[in-house]
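> just need the structure, nothing else, for what follows:
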Amino acid sequence: MSEPVADVVSVPPSGHPYYQAQPGTAWAHVDEWGTIIAPGHPLITLANWQESPHHHWAFQHMRELMPSHVIDGTESPRVLPVQPQNLGAVRVEEAPALLGVDTVEEVIAATDTDSFLVLHRGEIVEERYLGTMIPRRRHLVMSVTKSVVSCVAASLSADGLLDPEAPAETYVPELAGCGYASARVRTLLDMRSGIRFHETYLDPSSEVRVMERSMGWAPRNHGDPLGMYPYILTIAGESEHDGTFVYRSIDTDTLGWVCERAAGLRMADLISQRIWQPMGAYHDAEITVDPLGSAIHDGGLSATTRDLGRFGLMLLDGGTVGAHQVIPSSWLETAFSPPADVRDAFARSENEPYLPGGWYRNQFWFVPGDAGPVLLCLGIHGQMIYVDPARELVGVKLSSWSLPQDAPRLQATIAAFHAIGRALSSG
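Predicted coordinates:
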């Protein structure tokens, strides 16, 4: 669900608690029953779906693991012309030496790629699917979901239903009794809340893992809240709001709750009506929901590769599709050119060494490009939408990294898209 900060490349050893159902749950011995199912079909459950190698299958079959809401596509999808080019031989000079890769082809091979798509000037110039991934299959995009929720907030703001500068408790009064008291909607959008929440994926006791158990992404332990919103209300404050940027997925879950209350609709319907259909999505998408039926705003979206490309094109074109303004251009303009304190908040964060010169605004990541800022939508295990307006380039990469975070693979992927942009721009 979150992104770059850990400089780790080795898989935790067998028996690491990250890979084990916790004592006291009904899942503690679930693997013992794996022999009763058909041979050749391993038992993939809530207890192991995020583990390697099970995650390869799970990321493409989320609705078979947990409840999901459908996000409707449209009967009039945006046409994507195809002008194939051979980009595999493009040199990637900035790829981390640790991976030992020199070309786009080698980056794709070395980074557990499930699908890879490049659009230049609105046309598909590279598209490939690896392993079991196919064009019509939805793939979990983890925290790329956050950027979609941001666009819902943008649309609600344009219609006067949501004020980014208002306190979040204006829309969700319950928040006044927890660590989010007095936090603005803007605070959530830029992930600068002062709540106590650690996004430490390999620690089963960290807040992000407790939240996952509460929202139905893992077996619940005794004492875990039932549902994501009840978990949010247990969160305490740790520091003042609007300080240093700290990546906290729960900020997006709280933002999603605010959006639902502001509009009076559930998130799946908001995405469908305000983003997915207006941008011309060909396929339905889906979003996982917790035991209470609340969407997992921070990382539950599954979508096809081409529809993610369509989402990237909408961002590339300033929030427009044809003559239709899907989200206000100002939402993206203030993200590409943020106030100075946004850049400063990122520079003081632990993310700066991995994305130097970058920033985080409106649930988007930004890094310097050759001719201007590049927008990134990022998700753990290697999910990415890359948007470079200066190069008129959109890239999509869906992956199944063994670890949630892997800085060399992240940096190699960004470098590959940078290199593709240079190659296409030079003809």
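
> tell me how far the nearest residue in space to Leu65 that is not next to it in sequence lies from Ile385.
Spatial nearest neighbour of Leu65, excluding adjacent residues (CB to CB, 6 or more residues apart in numbering): Trp49 at 5.6 Å. C-beta here means a position set from N, CA and C on the backbone, and glycine is covered the same way. Trp49 is 23 Å from Ile385, where distance means CB to CB, to the nearest Å.

> likewise Val104?
17 Å.

> who has more neighbours out of Trp49 and Ile385?
A side-by-side neighbour count of Trp49 and Ile385, using other CB atoms under 10 Å, places Ile385 first with 25 against 20.

> so that one, which state does it fall into?
For Ile385, the assignment made with DSSP: H, G, I helix; E, B strand; the rest coil gives strand.

> correct me, but it touches Val394?
Yes. Assessed by CB atoms under 8 Å, Ile385 is found in contact with Val394 at 7.1 Å.

> overlap in contacts of the two?
Taking CB atoms under 8 Å, 6 or more residues apart in numbering as the criterion, Ile385 and Val394 both touch 309, 312, 315.

> phi, psi of the closest residue to the second one other than its chain neighbours?
Looking back up the chat, that one is Gly312. In this structure, Gly312 finds its nearest non-sequential neighbour in Val394, 3.7 Å apart by CB to CB, 6+ apart. When read as degrees, to the nearest 10, the backbone of Val394 gives phi -130, psi 130.

> look up how far Phe311 lies from Val394.
For Val394, the distance to Phe311 - CB to CB - is 9 Å.

> overlap in contacts of those two?
Common neighbours of Val394 and Phe311, counting by CB under 8 Å, 6+ apart, are Ile385.

> find the nearest non-adjacent residue to the residue nearest in space to the middle of the chain, please.
The centre of the chain sits closest to Ser143, judged by CA atoms, centre = their mean, with a distance of 1.7 Å. Excluding the flanking residues, the one nearest Ser143 by CB to CB, 6+ apart is Gly379, at 4.1 Å.

> surely the one you found and Val148 touch.
No. Gly379 is beyond contact range of Val148, at 11.0 Å (criterion: CB under 8 Å).

> for the closest residue to Glu240 other than its chain neighbours, phi and psi?
Once flanking residues are discounted, Glu240 sits nearest to Gly194: 5.1 Å by CB to CB, 6+ apart. Here is the backbone geometry of Gly194 (degrees, to the nearest 10): phi -100, psi 30.

> pLDDT below threshold where in the chain?
Scanning the chain for pLDDT under 70 picks out 1-41.

> the helices in it, which residues?
Along the chain, counting by DSSP state H, helices occupy 54-58, 104-110, 144-158, 185-189, 207-215, 228-232, 249-263, 267-271, 305-316, 329-336, 340-347, 407-425.

> I'd like those helices as JSON lines, with distance to Arg78 and mean neighbour count appended.
Shown next, in JSON lines, are the helices of the chain (distance: least, CB to CB, whole Å; neighbours: other CB atoms under 10 Å):
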{"stretch": "helix 54-58", "distance to Arg78": "29", "mean neighbour count": "19"}
{"stretch": "helix 104-110", "distance to Arg78": "25", "mean neighbour count": "20"}
{"stretch": "helix 144-158", "distance to Arg78": "15", "mean neighbour count": "26"}
{"stretch": "helix 185-189", "distance to Arg78": "27", "mean neighbour count": "24"}
{"stretch": "helix 207-215", "distance to Arg78": "32", "mean neighbour count": "24"}
{"stretch": "helix 228-232", "distance to Arg78": "32", "mean neighbour count": "22"}
{"stretch": "helix 249-263", "distance to Arg78": "24", "mean neighbour count": "25"}
{"stretch": "helix 267-271", "distance to Arg78": "16", "mean neighbour count": "24"}
{"stretch": "helix 305-316", "distance to Arg78": "5", "mean neighbour count": "24"}
{"stretch": "helix 329-336", "distance to Arg78": "18", "mean neighbour count": "18"}
{"stretch": "helix 340-347", "distance to Arg78": "31", "mean neighbour count": "16"}
{"stretch": "helix 407-425", "distance to Arg78": "21", "mean neighbour count": "22"}
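
> go through the ones you listed and name the closest to Tyr282.
Shortest distance between Tyr282 and these, using CB to CB, is found for helix 305-316: 6.1 Å.

> before we move on, back to that, could you report the neighbour count for the residue nearest to Gly312?
29.

> need the helices of the chain in CSV (columns: distance to Gly322).
What follows is the helices of the chain, written out as CSV (distance: least, CB to CB, whole Å):
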stretch, distance to Gly322
helix 54-58, 36
helix 104-110, 31
helix 144-158, 17
helix 185-189, 27
helix 207-215, 37
helix 228-232, 36
helix 249-263, 24
helix 267-271, 20
helix 305-316, 10
helix 329-336, 14
helix 340-347, 31
helix 407-425, 23
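
> what is the neighbour count of Leu43?
Look at Leu43: counted by other CB under 10 Å, it has 15 neighbours.

> cool, the one 4 residues further on as well?
Counted with other CB under 10 Å, residues neighbouring Ala47 total 22.

> and it, how far from Leu98?
According to CB to CB, Ala47 and Leu98 sit 32 Å apart.

> before we move on, what about Thr252?
From Thr252 over to Leu98 the distance is 31 Å, taken as CB to CB.

> what do you get for Asn48?
28 Å.

> who's more crowded, the two?
Between Asn48 and Leu98, Asn48 has the larger neighbour count (other CB under 10 Å), namely 21 against 13.

> that one against His54, yeah?
Yes. Between Asn48 and His54 there is a contact under CB under 8 Å: 5.3 Å.

> list the contacts for Glu238?
Contacts of Glu238 (CB under 8 Å, 6+ apart): 179, 194-196.

> about what we covered before: ok, so of the shared contacts of Ile385 and Val394, who is nearest Arg63?
Once CB to CB is applied, the member of the shared contacts of Ile385 and Val394 that ends up nearest Arg63 is Gly309, at 21.7 Å.

> neighbours around Asn86, how many?
10.

> correction: the previous question concerned Asp298.
By other CB under 10 Å, neighbour count at Asp298 equals 29.

> and the strands in this structure?
In the chain, the segments counted as strands under DSSP state E are 68-71, 113-120, 123-129, 139-140, 285-288, 301-303, 320-321, 324-325, 359-361, 364-368, 373-379, 383-388, 393-399.

> what does the last one contact?
Going back to what we said before, that points to strand 393-399. 59, 111-120, 133, 139, 141, 305, 308-309, 312-313, 315-316, 381-388, 409, 413, 417, 420-421, 424.

> and the first one, by the same measure?
Outside strand 68-71, the residues that touch it by CB under 8 Å, 6+ apart are 62, 266-268, 271-272, 276, 284-289, 293, 295, 300-303.
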